[in-house]
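Novice: Fold the following for me, if possible:
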Amino acid sequence: MLAACTATATAQKERFVGGDISMLPKYEEAKVAYKTQTGETVSNVLTFFKDEGLNAMRVRLFVDPGRSNDKAVCQDLEYVKRLGKRIKDAGLKLMLDFHYSDTWADPAKQWTPDAWKTMTDTQLYDQIYTYTKECLEEMVEAGATPDFIQTGNEISYGMLWGTEGSSGLKKCNTSSNSNWERFTTLLKRAGSACREVCPQAKIVIHTERTAQSSVLTGIYDRLKQADLDYDIIGLSYYPAYHGNLATLDAALKALETKAYGKDIMIVETGYSYAWAIGGTTYDYTKTYPYSEEGQRQFTEDLISLLKQHEQVTGLFWWWMEDNGNAKVTNNWWNAALYNHNTGQPYAAFYELKNFAPTNTGIKTPTTKAAANTAWYTTDGRRLNRQPTAKGIYIHNKRKVAIN
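Specialist: Next up is the predicted model:
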């Protein structure tokens, strides 16, 4: 029985945990201090992240960010190559997030880059392939080969709609066939470039209809019907916009029930340590107050939930490195993982590593059964005591459910 349990635990998929750190070089240039929990200044932030159990980082890429007025939109290819190489040199995995825009791309904004706006659909198919291929070739040449590639950011309603303010924007929705062939053709062409240049990388299709399971599965149903080649379903989940953890759980179960055969990653998440995030539509403060402890408890419970879903293999905290304004950005993100006053990580930072622990308490199977009454998580992490959180654990050579 012990060997059977051990085989199950060690056969689990590899998990990846970290955050979007696209602004890190700007904070470093502004001499913003990054410190340990006890107040020592960190000389190499990426090495510190790795030493604290994180293993993957995400970076966004814009076509021509110089056309944006937002200071946080600064990630052109040269910038991303430099940061990407640092990430890979630190021994971390890299997720590259193509925005295919000159500015923020999200469900409400998928504006075509200025240099592409006069192109026909046929020309755009060629352009997205060429642009993706050339960017990846330069990333590889720079020693910044991505391990995960998002072909679009929060593309729930398509991409490359047209020019802001113009009529006839080419959006998609699951209740209409309009523009879906165009959308999936764009994704296929981008994906072809990924497979050619970075055949080992996993392609992520990133959406954010986490609060609407039927819409969410409708999107991936259509991608399946289009026979789209990709590897990972990427989701955004912010309680402030998407609701409680039960809502996330329902979305994950809906995706798993559909049996798309894809891993799932939470590629963006965050919870405030102080005030409500701008645009908040769901108040979760009765469960998780806006405080360091509330943020930590949310993170702990989020990880506990995600680990109940075997298909979930990634967790990335949005803008985790925000460490004070310092005239670096237009405003700060009060759901980051650093104290803007002290430069020290909040407690939630140290919770993240529990999603993908590197240590294991369960050894390689042997033919000799030995008594072992300790408690373990299903991924092999030995616990200090009998668990109280809901979930499946291993105890005395058996799987045990805690309800």
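Novice: where exactly do the strands run in the protein?
Specialist: 16-20, 56-61, 93-98, 148-151, 202-207, 232-237, 263-269, 312-317, 375-377, 391-395, 398-402 (DSSP state E).
Novice: Make CSV out of those and add mean neighbour count, distance to Thr122 and mean pLDDT.
Specialist: (Each C-beta comes from the backbone N, C-alpha and C, glycine too.) Listed next are the strands of the chain as CSV, based on neighbours: other C-beta atoms under 10 Å; distance: least, C-beta to C-beta, whole Å; pLDDT from 0 to 100:
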stretch, mean neighbour count, distance to Thr122, mean pLDDT
strand 16-20, 25, 33, 98
strand 56-61, 25, 24, 98
strand 93-98, 26, 20, 98
strand 148-151, 26, 19, 98
strand 202-207, 23, 23, 98
strand 232-237, 25, 28, 98
strand 263-269, 24, 30, 98
strand 312-317, 25, 35, 98
strand 375-377, 21, 51, 58
strand 391-395, 18, 51, 64
strand 398-402, 12, 55, 63
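Novice: need those strands in JSON lines with distance to Leu245, can you?
Specialist: JSON lines is the format used below for those (distance: least, C-beta to C-beta, whole Å):
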{"stretch": "strand 16-20", "distance to Leu245": "17"}
{"stretch": "strand 56-61", "distance to Leu245": "22"}
{"stretch": "strand 93-98", "distance to Leu245": "23"}
{"stretch": "strand 148-151", "distance to Leu245": "24"}
{"stretch": "strand 202-207", "distance to Leu245": "19"}
{"stretch": "strand 232-237", "distance to Leu245": "9"}
{"stretch": "strand 263-269", "distance to Leu245": "11"}
{"stretch": "strand 312-317", "distance to Leu245": "13"}
{"stretch": "strand 375-377", "distance to Leu245": "18"}
{"stretch": "strand 391-395", "distance to Leu245": "13"}
{"stretch": "strand 398-402", "distance to Leu245": "17"}
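Novice: center of this structure - which residue?
Specialist: Geometric centre of the chain, nearest residue: Val267, 1.6 Å, by C-alpha atoms, centre = their mean.
Novice: Might you report the residue contacts of that residue?
Specialist: By C-beta atoms under 8 Å, 6 or more residues apart in numbering, the residues touching Val267 are Arg58, Met95, Asp97, Gln150, Val204, His206, Gly234, Leu235, Ser236, Gly314, Phe316.
Novice: those helices in the stretch 51-200 of the chain, which residues are they?
Specialist: For the stretch 51-200 of the chain, the helices defined by DSSP state H, counting those that start in this stretch cover 77-89, 121-141, 180-197.
Novice: What are the buried residues along the longest one?
Specialist: Just to be clear, that refers to helix 121-141. Within helix 121-141, the residues scored as buried using 16 or more other C-beta atoms under 10 Å are Leu124, Tyr125, Gln127, Ile128, Tyr129, Tyr131, Thr132, Lys133, Cys135, Leu136, Met139.
Novice: cool, the last one as well?
Specialist: Along helix 180-197, these residues count as buried under the neighbour rule (16+ other C-beta under 10 Å): 180, 182-191, 193-194, 197.
Novice: wait, Ser272 sits on Tyr238?
Specialist: No - using C-beta atoms under 8 Å as the test, Ser272 is too far from Tyr238 to be in contact (9.7 Å).
Novice: Name the residues contacting each of those two.
Specialist: Contacts common to Ser272 and Tyr238, judged by C-beta under 8 Å, 6+ apart, are Ala335.
Novice: Going by residue numbers, what spans are helices in the stretch 301-403 of the chain?
Specialist: Residue ranges of the helices in the stretch 301-403 of the chain, as given by DSSP H, counting those that start in this stretch, are 347-352.
Novice: just for it, where's the confidence low?
Specialist: 325-326, 358-385, 388, 390-401, 403 (pLDDT under 70).
Novice: let's see it at 90
Specialist: 323-334, 340-341, 357-403 (pLDDT under 90).
Novice: what's the spatially closest residue to the residue nearest to the centre of the chain that is not a sequence neighbour in contact with, if anything?
Specialist: Using C-beta to C-beta, 6 or more residues apart in numbering and skipping residues adjacent in sequence, the residue nearest Val267 is Gly234, 4.2 Å away. Gly234 is in contact with Gln150, Val204, Ile205, His206, Thr207, Ile264, Met265, Ile266, Val267, Gly314, counting by C-beta under 8 Å, 6+ apart.
Novice: and with 6 Å instead?
Specialist: Val204, His206, Met265, Val267 (C-beta atoms under 6 Å, 6 or more residues apart in numbering).
Novice: Repeat that for Ala250.
Specialist: Counting by C-beta under 6 Å, 6+ apart, Ala250 touches Ser213.
Novice: how far away is Val73 from Tyr129?
Specialist: Val73 is 24 Å from Tyr129, where distance means C-beta to C-beta, to the nearest Å.
Novice: Next, count neighbours for the residue nearest to Thr280 when sequence neighbours are not counted.
Specialist: Nearest residue to Thr280 in three dimensions, chain neighbours excluded: Ala240, at 4.1 Å (C-beta to C-beta, 6+ apart). Ala240: 18 surrounding residues under other C-beta atoms under 10 Å.
Novice: Same question for Asp64.
Specialist: Count around Asp64 with other C-beta under 10 Å applied: 16.
Novice: Report the contact partners of the closest residue to it other than its chain neighbours.
Specialist: With sequence-adjacent residues excluded and distances taken as C-beta to C-beta, 6+ apart, Asp64 is closest to Asp102, at 4.6 Å. Residues near Asp102 by C-beta under 6 Å, 6+ apart: Phe62, Val63, Asp64, Arg67, Ser68, Pro113, Asp114.
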